[in-house]
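Enquirer: Turn this into a structure:
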Amino acid sequence: MKLLEQLLSLISEAVLLPTLAAIVILVGWSTMLLGGLLREWLGRSHTAFILAQLRRAHVEGGDQVRLLQILSTATSGLPARLHQLLAQWGGAGELAHCLVDLEIETATALSRLTWMTRIAPMLGLMGTLIPLGPALTGLASGDLATLSSNLVVAFTATVVGVLLGCCSYTMNLVRKNWYQSDLSTLEHLFINANRPAMP
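Expert: Predicted structure coming up:
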């Protein structure tokens, strides 16, 4: 029994440093994602303008050719990405496939944020619980320096882990709303657009 306890203690102490390193890496990654979200937000006005033009052309009876002409002027957001996919796959004949690819790409982007939303608090909890063992040992032996240093690590890991979870959840929610709205508009407009008349 004593051997098992020592083994578990050794394992938990061994994963403390990787856990803290993972939290630091997630902080850096979250900062990059936040910068990307800010860039997308700054481009939302252009995306909204392109989508408004597409809707107007659709209402006026514009065919796919007209919609694709408008789409080619997009420089940001999902409209620009759809134009890139169409160029890669060879044009309007692959429109349905490109829309599916675009949906997969957005789902992949959101899944990263969903993963961080779940994993960051878990790492924070691990970073909290692991130092509590040495902290309690220090308390029992009267070593206040060991107690305080381990408690600082524990509570810092908790705060950072929860903060990362909150940030990633918020970014996921905002992006999900943007992507769902834009995808719904693009799919409706292009699927229901009149095809150009055959010569």
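
Enquirer: Quick check: chain neighbours aside, which residue is closest to the residue nearest in space to the middle of the chain?
Expert: Nearest to the geometric centre of the chain sits Leu113, at 3.0 Å (C-alpha atoms, centre = their mean). In this structure, Leu113 finds its nearest non-sequential neighbour in Asn172, 3.7 Å apart by C-beta to C-beta, 6 or more residues apart in numbering. Every C-beta, even on glycine, is put in place using the N, C-alpha and C of the backbone.

Enquirer: isn't the one you found right up against Leu110?
Expert: Yes. The criterion here is C-beta atoms under 8 Å, and Asn172 meets it with Leu110 at 6.0 Å.

Enquirer: so who does the residue found closest to Leu132 once you drop the neighbours it is linked to in the chain touch?
Expert: Once flanking residues are discounted, Leu132 sits nearest to Ala154: 5.8 Å by C-beta to C-beta, 6+ apart. With contact set as C-beta atoms under 8 Å, 6 or more residues apart in numbering, Ala154 has these partners: 127-132, 135.

Enquirer: Filter the residues you listed down to the buried ones.
Expert: If you count burial by 16 or more other C-beta atoms under 10 Å, the buried members of the contacts of Ala154 come out as 127-128, 130-131, 135.

Enquirer: Report the contact partners of the residue nearest to the centre of the chain.
Expert: Leu113 makes contacts with 33, 168-169, 171-172, 175, as judged by C-beta under 8 Å, 6+ apart.

Enquirer: repeat that with 6 Å
Expert: Counting by C-beta atoms under 6 Å, 6 or more residues apart in numbering, Leu113 touches 168, 171-172.

Enquirer: just Ala80 next, same as before
Expert: Ala80 makes contact with Ala74, according to C-beta under 6 Å, 6+ apart.

Enquirer: Got the phi and psi for it?
Expert: Main-chain torsions, Ala80, degrees, to the nearest 10: phi -70, psi -40.

Enquirer: With Gln88 as the reference, measure out to Leu37.
Expert: According to C-beta to C-beta, to the nearest Å, Leu37 and Gln88 sit 25 Å apart.

Enquirer: Check for me that the residue nearest to Leu113 belongs to a helix.
Expert: Yes. Read with DSSP: H, G, I helix; E, B strand; the rest coil, Asn172 is one of the residues of a helix.
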